[in-house]
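[1] Sequence and computational prediction follow.
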Amino acid sequence: MRLPDNQKGSLAIVGIGPGSRDQMTARALKVIAGAEIIIGNDTYLDQLEPLLAGKNVIRSSMGKEVERAKTAIKMAQKRRVVMVSGGDAGVYGMAGIVLEVLEHEKIAIPVDIVPGVTAATAAASLVGSPLSGDFAVISLSDLLTPFEVIEKRLEAVFSVGIPVVLYNPRSRGRPHNFSAAVAIARKYLVEHTPVALVRNAFREGEEITITTLGEIEPYCDVVDMHTTVIIGGAESRIWRMGQNVKGIITPRGYHRKYVY
C-alpha cells in the first residue's frame with residue numbers, strides 16, 4: 001500500500017543475521033513486515049522468502065551495491081522501503097554505502113539502521129566463548145582493500161594477542177589469503193593456540209571444526225567464503241568436557257580478577 005501523497009517515505013537498512021530466521025531480531029522482523037518494498041541481494045532475499053508475500057521485491061546481485069542503494073533511496077522518498085543486508089548492516093553491510101550515497105545526493109529522508117547478528121558472534125556462540133574480551137575482525141577480501149593493507153592490519157591485531165575473527169577467508173579468486181593470514185598469526189602466537197572453523201553458521205550444512213594453529217594445514221583447503229574463522233588469542237584455550245573437545249574459552253578472568 002502506498003503512503004498518502006503528503007507523507008514522506010522511509011528507508012530501513014535491516015541486518016538479517018547469519019541466515020536463519022530464528023536468529024533475526026524482533027525489530028528486524030517487525031520492520032520487514034511493515035515494508036512496502038524490499039530490496040536486496042538474491043542470496044538474502046531467498047532466505048526471507050516466507051516474509052516477502054505481498055511485498056514489491058526488487059532483486060539485485062553482488063557488485064551492484066551502489067545501484068541498489070540509489071534505487072532504494074529513490075523509492076524511499078515516497079514509499080516504505082527496506083534494504084536487507086546479511087549479518088549486521090553496519091558490519092561489512094549495506095549501511096555505509098547507503099549513507100554515503102544519501103550524503104552525496106543531498107537527499108533528506110528518514111533512515112533507520114536495524115542491527116543484526118554478525119557472523120563473528122554467531123560463529124562464536126557455536127564454539128563456546130572465544131570472544132569474551134577484546135577481539136578484532138578482519139576481512140581477507142582484497143576486492144576493495146589492497147592485501148598489503150590487510151597484512152598490516154593482521155600484523156597489528158595478532159601482535160597484541162587478542163582473538164581475531166577472519167571474514168571472507170578464502171575463495172577461488174584469492175586462494176592464498178588465508179594461508180598468508182595463518183603465517184602472520186604464527187609469528188605472534190604459539191602452535192597450540194585454538195582455532196575454530198565455522199562453516200554455514202545457523203544455516204543448512206553447518207560444520208564446526210576445532211583445531212589449533214599448529215595443526216591447521218589439513219583444513220586450509222576446505223575453508224571458503226561460507227566459513228568464519230576464529231583464531232584465539234594469547235589467553236584462549238581449548239574447552240573440553242571429559243575427553244571431548246567442545247570449543248574454545250577465552251577467559252574474562254584475565255589479570256586474575258576472577259578466582260574460581
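    Looks like it arrived, so ask away.
[2] List the buried residues for stretch 44-62?
    Tyr44, Leu45, Gln47, Leu48, Leu51, Leu52, Lys55, Ile58, Ser60 (16 or more other Cβ atoms under 10 Å). To be clear about C-beta, it is placed using only N, CA and C from the backbone, and glycine gets the same treatment.
[3] and these, which of them are in helices?
    The helices, defined by DSSP state H, take in Tyr44, Leu45, Gln47 from the buried residues of stretch 44-62.
[4] any chance of these in a markdown table, with pLDDT and distance to Val164 too?
    Converted to a markdown table, those look like this (pLDDT from 0 to 100; distance: Cβ to Cβ, whole Å):
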| residue | pLDDT | distance to Val164 |
| --- | --- | --- |
| Tyr44 | 92 | 26 |
| Leu45 | 94 | 31 |
| Gln47 | 90 | 27 |
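[5] Which pair of the buried residues of stretch 44-62 spans the longest distance?
    Distance extremes for these: the farthest pair is Leu51 and Ser60 at 17.4 Å, using Cβ to Cβ.
[6] Please state the backbone phi and psi of Gly19?
    Phi and psi for Gly19, reported as degrees, to the nearest 10, are phi 130, psi -10.
[7] Identify the nearest residue to it in space, disregarding sequence-adjacent positions?
    Among residues not flanking Gly19 along the chain, Arg203 sits closest, at 4.2 Å (Cβ to Cβ, 6 or more residues apart in numbering).
[8] can you check Ala95 too?
    Ala89 (4.2 Å).
[9] Checking my notes, that neighbour in a helix, right?
    No. If the criterion is DSSP: H, G, I helix; E, B strand; the rest coil, then Ala89 is coil and not within a helix.
[10] Give me the phi and psi angles of the nearest residue to Asp134 once chain neighbours are set aside.
    Among residues not flanking Asp134 along the chain, Ile162 sits closest, at 4.8 Å (Cβ to Cβ, 6+ apart). Main-chain dihedrals, Ile162, degrees, to the nearest 10: phi -100, psi 160.
[11] Compute the distance between Val66 and Gly116, please.
    Distance, Val66 to Gly116, using Cβ to Cβ, to the nearest Å: 21 Å.
[12] out of these two, which sits in the more crowded spot?
    Shown here are Val66 and Gly116; by other Cβ atoms under 10 Å, Gly116 has more neighbours (25 against 12).
[13] how about the more buried one, secondary structure?
    For Gly116, the secondary-structure state derived from three-state DSSP is coil.
[14] need the contact list for the closest residue to it other than its chain neighbours.
    Nearest residue to Gly116 in three dimensions, chain neighbours excluded: Gly15, at 2.3 Å (Cβ to Cβ, 6+ apart). The neighbours of Gly15, taking Cβ atoms under 8 Å, 6 or more residues apart in numbering as the test, are 25, 28, 85-91, 93, 114-118.
[15] Looks like Thr193 contacts Ala185 (just checking).
    Yes. Between Thr193 and Ala185 there is a contact under Cβ atoms under 8 Å: 7.4 Å.
[16] what residues do the two have in common as contacts?
    Leu213, Ile231.
[17] Neighbour count for these two, which is higher?
    Thr193 (24 against 21).
[18] ok, the more buried one - contacts?
    Here Thr193 is in contact with Ala185, Thr212, Leu213, Gly214, Ile231, Gly232, Gly233, Ala234, Ser236 (criterion: Cβ under 8 Å, 6+ apart).
[19] Report the buried members of those.
    The neighbour-count test (16+ other Cβ under 10 Å) marks Ala185, Thr212, Leu213, Ile231, Gly232, Gly233, Ser236 as buried among the contacts of Thr193.
[20] Return the list of helices and strands in contact with the lowest-mean-pLDDT helix or strand in the chain.
    Each helix and strand of the chain was given a mean pLDDT (mean pLDDT, DSSP states H and E); the minimum falls on helix 42-47 at a mean of 91. With contacts defined as 3 or more Cβ pairs under 8 Å, 6 or more residues apart in numbering; DSSP states H and E, helix 42-47 has these neighbours: strand 56-60, strand 80-85.
[21] Now do Gly19: how many residues are near it, please.
    The number of residues packed near Gly19 is 25, by other Cβ under 10 Å.
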